[in-house]
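> Take a look and give me a structure for this.
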Amino acid sequence: MTPEQAVAIMKKYYAEDSVAYNYLYQHSLAVAELAVEIAKNHPEFHPDIVFVHTSALLHDIGIFMTIAPMIGCHGEHPYLAHGYLGRELLEKEGYPEHALVCERHVGVGISKDDVINNKLPLPARDMIPVSVEQEIVCYADKYFSKNADSLFTPKSPDKILRKLATHGADKPAVFMKFMEKYGLPEKLRVDS
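As a prediction, this is how the structure comes out:
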């Protein structure tokens with residue numbers, strides 16, 4: 001898959017002039033740019049850079065099926081479900097590896113125990129990034145929100161850690177492991 005093919009899949013499910021497409025496209029570009037930067041900075045892990053790029057572009061493809069009117073999404077499912085819904089969509093499109101990135105990028109990954117213990121509206125299975133490429137997209141995604149005024153402005157690690165802590169005491173530690181493994185993004189480094 002090429003980046004152009006990834007965008008074509010977006011356009012298959014989203015009207016280009018829609019609010020949802022604008023949020024999806026802009027957010028996905030920001031995440032893809034950062035994910036590719038991270039991948040290129042870590043050749044020791046042998047990431048597939050084209051796959052990182054295209055899967056980052058498609059990681060949120062399932063948002064249109066969720067209830068998120070602030071970003072133009074008027075589906076039937078809770079927003080939390082967009083990962084597994086994106087997986088199902090990309091599997092039908094014939095991209096099972098990209099589909100796994102969709103499912104596994106939410107938060108820092110969601111375990112079967114998380115689903116069961118918190119009664120989450122998700123399939124009871126592990127949805128945790130396991131490959132380098134899945135981790136990179138998940139990590140890059142944490143830096144960007146879908147707020148209209150800050151689509152391209154990365155969040156600070158402190159802000160990310162505070163938000164992750166609201167989803168479980170173990171979640172910030174996972175993010176810290178990603179940060180140790182992949183480093184702080186260039187955009188957030190302050191020269192001394």
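> Contacts for the helix or strand bottoming out on mean pLDDT in the chain, please.
Across the helices and strands of the chain, mean confidence by mean pLDDT, DSSP states H and E is lowest for helix 157-165: a mean of 92. Contact partners of helix 157-165, identified using C-beta atoms under 8 Å, 6 or more residues apart in numbering, comprise 107-108, 142-143, 171-172, 174-176, 179, 184, 188. For glycine as for every other residue, the C-beta is placed from the backbone atoms N, C-alpha and C.
> buried stuff in that helix?
In terms of neighbour count (16 or more other C-beta atoms under 10 Å), helix 157-165 has its buried residues at 157, 160-161, 163-164.
> picking up where we left off before, which of the contacts of helix 157-165 sits closest to T153?
Y143 (9.1 Å; C-beta to C-beta).
> Helices of this structure, start to end?
Using DSSP state H, the helices of the chain run over 3-13, 19-40, 49-58, 82-93, 96-104, 112-117, 132-142, 157-165, 171-182.
> For those, give me JSON lines that also has distance to F64.
As requested, those are exported to JSON lines (distance: least, C-beta to C-beta, whole Å):
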{"stretch": "helix 3-13", "distance to F64": "6"}
{"stretch": "helix 19-40", "distance to F64": "5"}
{"stretch": "helix 49-58", "distance to F64": "13"}
{"stretch": "helix 82-93", "distance to F64": "9"}
{"stretch": "helix 96-104", "distance to F64": "13"}
{"stretch": "helix 112-117", "distance to F64": "23"}
{"stretch": "helix 132-142", "distance to F64": "17"}
{"stretch": "helix 157-165", "distance to F64": "23"}
{"stretch": "helix 171-182", "distance to F64": "26"}
